[in-house]
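Q: Following is a predicted model, sequence given first.
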Amino acid sequence: MMTGHLVIYIMVTIFVTISYAPPKIPVHYIASGISANSSALASHPLGPFWNLRLEDSALEYPLLINQPGICQRKNDSSGVGSPTLLIAIKSQVGNFENRQAIRETWGRSGLLRGDFNKKGGLVQTVFLLGRQDSSTGPHPDLNNLLGLENEKYGDILQWDFRDTFFNLTLKDLLLWRWLQQYCPTAAFIFKGDDDVFLRTDALLDYLQKRVEEHKLWRTYTNETDMNLFVGDVISNAMPNREPSMKYYIPESFYKGVYPPYAGGGGVVYSGSLALRLQEVSERVRLFPIDDVYLGMCLNRLGLSPIHHPGFLTFDLPGTDRNNPCAYKSVLLVHKRNPKEMLTLWKQLQNLPAQC
């Protein structure tokens, strides 16, 4: 009898193994990609992942909420229009608290001094949103609240697509197109999630140093564009092949290792590079993981992201999290909820005097 049960168990196990299929990823968009036969081209997907609306090979997602003049606003005391740093934050309709905490702390728009009261610049923050994802169940209608929020702050960019994890790449593409049309002269772009904490003054210092280096370099090379892309760089990463995992990518869709990319919630790049990324994105097949897709576009341009140890995607050691002096060399930490943002912001005021 035991032998019979064992045989039945083995047969059932074999049947389950054979009949198992990885979960199907919802189909909702694909743009035409580049040839898979050219070794000169960047790493890219082997085939479609989405089934996107395409008209004349272009992404057609109208803006529901726009800020067409946000980069031309004049500051009464300086007369400055274009931002030194445009902070573009990926958020969702319901994340009111996160957006407000960012506005009250590191994402304040306006003139900002650098760390140690050095030369800073004009900072402008916008939040990147899609529509609420109705496929995940019924949600309260928050559109009226979002409208009031936008009426008060005027910093919301919302497009007509479902705001899902696999659609995050669309926010990058649509941001680049928006920059090209409405903010082409922004010097630098910080693109991040709404649960990171950015030491904006320290970042402005870092960028100012890069500008000075570029000016010196330009005198010898006549190279005008500043192709800067900085973050927590991940190299030689393999796609996740476990079907139950969030970042699962089947081998039938992508083979080999990913190109170097910067992940973990936030990157900064030059405005001139943003315009080049917009152009090259039309020749790089879309990919559902946004950080990796940026790496693919950089690779297609023949560029690599620069690693900066101050982008702490996995946070500080637990013993240092509440020590303000431990943040002296930090540019970004991930993750922080709204309450933690407000607390950390207060702790980091007058940081040089404390340390």
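A: Perfect, thanks for sending it.
Q: Correct me if wrong: residue 191 contacts residue 266.
A: Yes: counting by Cβ atoms under 8 Å, residue 191 does reach residue 266; the two are 6.9 Å apart. Where C-beta positions appear, they are placed from N, C-alpha and C, glycine not excepted.
Q: Tell me where the stretch 251-355 of the chain has helices.
A: Ranges of helices in the stretch 251-355 of the chain, per DSSP state H, counting those that start in this stretch, are 271-281, 290-300, 338-347, 351-354.
Q: what's the spacing between the last one and its chain's center?
A: Right, helix 351-354. Helix 351-354 sits 31 Å away from the centroid of its parent chain (Cα atoms, centre = their mean, to the nearest Å).
Q: Name the nearest residue to residue 153, sequence neighbours excluded.
A: residue 103 (6.6 Å; Cβ to Cβ, 6 or more residues apart in numbering).
Q: and after the helix or strand where that neighbour lies, which helix or strand comes next?
A: Element membership for residue 103, per DSSP states H and E: helix 96-104. Following helix 96-104 in sequence order, the next helix or strand is strand 110-112 (DSSP H and E).
Q: tell me the angle the helix or strand following that next one makes with helix 96-104.
A: Next along the chain after strand 110-112, taking DSSP H and E as the criterion, comes strand 121-131. Interaxial angle of strand 121-131 relative to helix 96-104 (axes from the mean of the first three to the mean of the last three Cα atoms, to 10 degrees): 170 degrees.
Q: partner strands of strand 121-131, parallel or antiparallel?
A: Neighbouring strands of strand 121-131 in its sheet, by DSSP bridges, are strand 85-90 (parallel), strand 110-112 (antiparallel), strand 156-162 (parallel).
Q: Tell me the gap between the helix or strand that comes right after the longest one and the middle of its chain.
A: Read it as strand 156-162. Using DSSP H and E, the helix or strand that follows strand 156-162 in sequence is helix 168-182. Relative to the chain's own centre, helix 168-182 is displaced by 11 Å; criterion: Cα atoms, centre = their mean.
Q: Would you mark the buried spots in helix 168-182?
A: Judged by neighbour count using 16 or more other Cβ atoms under 10 Å, the buried positions of helix 168-182 are 168-179, 182.
Q: again, but for stretch 303-323
A: Taking 16+ other Cβ under 10 Å as the criterion, stretch 303-323 shows 303, 304, 305, 306, 308, 310, 311, 312, 313 as buried.
Q: Pick out whichever of the residues you listed sits closest to residue 146.
A: Distance to residue 146, by Cβ to Cβ, is smallest for residue 313 among the buried residues of stretch 303-323, at 28.9 Å.
Q: check contacts around that closest one.
A: 232, 263, 264, 265, 332, 334 (Cβ atoms under 8 Å, 6 or more residues apart in numbering).
Q: On the pLDDT front, check it for me.
A: For residue 313, the pLDDT comes out at 90.
Q: Then residue 298?
A: According to the model, residue 298 carries a pLDDT of 97.
Q: Setting aside sequence neighbours, what's the nearest residue to residue 273?
A: Per Cβ to Cβ, 6+ apart, closest to residue 273 is residue 227, 5.1 Å.
Q: I should have written residue 308 there, sorry.
A: Closest to residue 308 by Cβ to Cβ, 6+ apart is residue 230, at 5.0 Å.
Q: Dump the helix or strand encompassing the one you found to CSV, restricted to CA.
A: Using DSSP H and E, residue 230 maps to strand 229-234. Taking Å, rounded to 0.1, in the frame of the first residue of the first chain, the C-alpha atoms of strand 229-234 are listed here in CSV:
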residue,chain,number,x,y,z
PHE,A,229,24.2,60.4,-15.5
VAL,A,230,24.8,59.5,-11.9
GLY,A,231,23.3,57.1,-9.3
ASP,A,232,23.9,53.8,-7.6
VAL,A,233,25.2,51.8,-10.6
ILE,A,234,24.5,48.1,-10.9
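Q: helices or strands up against it?
A: If you count contacts as 3 or more Cβ pairs under 8 Å, 6 or more residues apart in numbering; DSSP states H and E, strand 229-234 packs onto strand 261-270, strand 306-307, strand 311-312.
Q: can you rerun that using 7 Å?
A: Packing contacts for strand 229-234, counted by 3 or more Cβ pairs under 7 Å, 6 or more residues apart in numbering; DSSP states H and E, involve strand 261-270, strand 306-307.
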